[in-house]
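1. Sequence below, structure please.
(3 chains)
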Amino acid sequence: MRHWLMKSEPDAFSIDDLKRLKKDAWSGVRNYQARNFMKEMAVGDAVLFYHSSCEPPGVAGLAKVVADAHPDATQFDRRSPYYDPKATKAKPIWACVDVAFVRKFGRLIPLEELRGAKALKDMVLLRRGSRLSVQPVTKEEFDAVMKLAGK
DNA sequence: GCCAACGTTGGC
DNA sequence: GCCAACGTTGGC
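-> Down below sits the predicted model:
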């Protein structure tokens, strides 16, 4: 099993939204590197759900992959902000996995606290200028975050 | 294939 | 709202 971190702006889609829906397709990713990481994901992989562009930013909870990468439906939808005119059903460009809610942490683990954790010093999230919205996390990093979450 | 211009992300 | 750091686009 592998571990990942996925970012979302809580104003758009938060851990509470995922809890309410139970599961959802992680659509709208329009970055090739992030897409490629989703294609590497497998059912059962663990996902740290990160809240970005909010105060404070941080890891809000835990999700899991429940469907392998499949074409992102929003690329074909002319009314979607994620519509991509270059994509066709025969030759889709963008993919997404489905993720399910596992749990919301008792407290949000703020970015600042992650920066302070020795075990996380090499985390992709903390690298200078890292804007990747989908990124791999090592087992050690994952365990360290879970420890900070208190469970 | 280079690279300047432009757009986006996301912390601050 | 600012702006650094990137990714993408398109002219050449």
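
2. From residue A:98, how far off is the closest residue to residue A:83 other than its chain neighbours?
-> Nearest non-adjacent residue to residue A:83, counting by Cβ to Cβ, 6 or more residues apart in numbering: residue A:77, 5.6 Å away. In this view, the C-beta of every residue, glycine as well, is placed from N, C-alpha and C. In this structure, residue A:77 and residue A:98 are 17 Å apart, going by Cβ to Cβ, to the nearest Å.

3. Ok, residue A:18 next?
-> Separation of residue A:18 from residue A:98 (Cβ to Cβ): 11 Å.

4. Neighbour count: the two, which is higher?
-> In this view residue A:18 and residue A:98 are compared by other Cβ atoms under 10 Å, and residue A:18 has more residues nearby, 23 against 18.

5. can I assume the more buried one sits in a helix?
-> Yes - assessed with DSSP: H, G, I helix; E, B strand; the rest coil, residue A:18 lies in a helix.

6. Who are the contact partners of it?
-> Applying Cβ atoms under 8 Å, 6 or more residues apart in numbering, we find residue A:18 in contact with A:24, A:49, A:63, A:99, A:100, A:101.
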